[in-house]
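Student: no sequence for this one, just the structure:
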């Protein structure tokens with residue numbers, strides 16, 4: 001009889017064979033299986049699924065619902081194999097997803113993050129190199145953190161200055177041109193990486209001290225470690241560093257700064273918006289327009305631009 005851990009391995013492999021990376025889900029379900037083991041539970045039950053999904057008290061309810069949704073999909077798979085596994089019903093945690101207001105980093109804050117990242121210690125020195133490179137890349141390109149962590153050697157063409165993002169969110173792939181300064185920074189990282197890691201254990205561009213690909217959760221953990229020193233979080237609370245700006249907000253910062261620049265220079269924002277949406281890998285232009293509503297300065301600039309345009313048309 002297979003263990004839940006073995007069934008989870010097969011479930012993740014089957015989902016990935018269908019084209020999904022499933023990194024966050026696989027990590028979460030691994031924690032759930034560990035939780036069931038500590039409870040000495042042989043089967044998934046609704047009460048245990050609820051208890052596990054609500055363990056973290058300093059997160060939004062939407063996070064609880066997302067974790068429970070991951071369990072529901074796995075439980076559906078398991079219930080076909082063994083009916084004694086219970087499937088949590090939909091809307092058990094009736095939470096409407098609300099996008100939180102993003103933190104827009106100043107250039108000074110990004111600079112402080114880079115300085116603190118350089119102070120990190122690790123056996124070979126790859127930890128500070130990685131976090132500096134990832135922070136710089138996210139700030140310069142607006143990539144999703146998971147997209148940066150998943151980059152492979154073949155995805156990073158530093159001769160022409162283009163990144164290939166393959167099968168990211170919504171299964172979309174895209175080519176991301178990068179600025180010459182970003183190319184130079186990535187070349188510098190690659191030289192240092194190759195001097196330290198002589199025999200990499202995989203094709204990934206960003207490599208850990210052991211030569212393996214970087215885990216997104218590890219990068220996020222490092223980011224939380226340096227955030228208090230930058231004044232971006234209040235400091236540790238048990239094993240957590242409290243709430244505060246996230247790596248994902250570097251993506252929001254990139255998009256917002258570009259829109260602010262366009263409005264201030266009188267650029268045709270409506271005409272440029274589809275290009276920005278494609279560059280960011282958004283499913284639709286509506287997703288990109290969200291930044292205007294989420295950032296007060298952008299909303300003010302958009303309103304002023306619209307008012308000025310209307311007055312100009314009446315003259």
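Tutor: Looks like it arrived, so ask away. The structure presented is a predicted model; accordingly, all values stated were derived computationally and were not measured. Numbering: from 1, shown residues only.

Student: Give the buried residues for stretch 52-66.
Tutor: Across stretch 52-66, burial judged by 16 or more other Cβ atoms under 10 Å covers 52, 53, 54, 64, 65, 66. The C-beta positions use only the backbone N, C-alpha and C, and glycine is treated the same way.

Student: I'd say residue 147 and residue 168 touch.
Tutor: Yes: contact criterion Cβ atoms under 8 Å: residue 147 and residue 168 qualify, at 5.2 Å.

Student: Just name the shakiest helix or strand of the chain by mean pLDDT.
Tutor: In the chain, the helix or strand scored least confidently by mean pLDDT, DSSP states H and E is helix 296-314, which has a mean of 56.

Student: what residues are shared contacts of residue 147 and residue 168?
Tutor: residue 281 (Cβ atoms under 8 Å, 6 or more residues apart in numbering).

Student: Got phi/psi on residue 213?
Tutor: phi -70, psi 150 (degrees, to the nearest 10).

Student: neighbours around the closest residue to it other than its chain neighbours, how many?
Tutor: Among residues not flanking residue 213 along the chain, residue 204 sits closest, at 3.4 Å (Cβ to Cβ, 6 or more residues apart in numbering). Using other Cβ atoms under 10 Å, the number of residues around residue 204 comes to 18.

Student: got a list of what residue 204 touches?
Tutor: 150, 151, 152, 153, 212, 213, 214.

Student: at 7 Å what do you get?
Tutor: Residue 204 is in contact with 152, 213, 214, counting by Cβ atoms under 7 Å, 6 or more residues apart in numbering.

Student: How about residue 232?
Tutor: If a contact means Cβ under 7 Å, 6+ apart, then residue 232 has 109, 244, 245 as its contacts.

Student: Other residues contacting the biggest helix by length in the chain?
Tutor: In the chain, assigned by DSSP state H, the helix with the most residues is helix 61-81. By Cβ under 7 Å, 6+ apart, the surrounding residues in contact with helix 61-81 are 7-8, 11, 25, 28-29, 32, 44, 49, 53-54, 56, 85-88, 92-93, 95, 97-98.

Student: Span of stretch 258-276 from start to end?
Tutor: Stretch 258-276 has an end-to-end distance of 9 Å (Cα to Cα, to the nearest Å).

Student: Give me the buried positions along that stretch.
Tutor: Buried residues in stretch 258-276 (16+ other Cβ under 10 Å): 258, 259, 260, 262, 263, 269, 273, 276.

Student: Serialize those to JSON lines and add fields for distance to residue 133 and secondary structure.
Tutor: Shown next, in JSON lines, are the buried residues of stretch 258-276 (distance: Cβ to Cβ, whole Å; DSSP: H, G, I helix; E, B strand; the rest coil):
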{"residue": "258", "distance to residue 133": "22", "secondary structure": "helix"}
{"residue": "259", "distance to residue 133": "26", "secondary structure": "helix"}
{"residue": "260", "distance to residue 133": "26", "secondary structure": "helix"}
{"residue": "262", "distance to residue 133": "28", "secondary structure": "helix"}
{"residue": "263", "distance to residue 133": "31", "secondary structure": "helix"}
{"residue": "269", "distance to residue 133": "31", "secondary structure": "helix"}
{"residue": "273", "distance to residue 133": "29", "secondary structure": "helix"}
{"residue": "276", "distance to residue 133": "24", "secondary structure": "helix"}
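
Student: In a markdown table: these, plus distance to residue 3.
Tutor: A markdown table is the format used below for the buried residues of stretch 258-276 (distance: Cβ to Cβ, whole Å):
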| residue | distance to residue 3 |
| --- | --- |
| 258 | 49 |
| 259 | 50 |
| 260 | 53 |
| 262 | 55 |
| 263 | 57 |
| 269 | 55 |
| 273 | 50 |
| 276 | 47 |
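
Student: By neighbour count, which of the contacts of residue 232 wins?
Tutor: Ranking these using other Cβ under 10 Å puts residue 245 first, with 21 neighbours.

Student: Many thanks, we can stop here.
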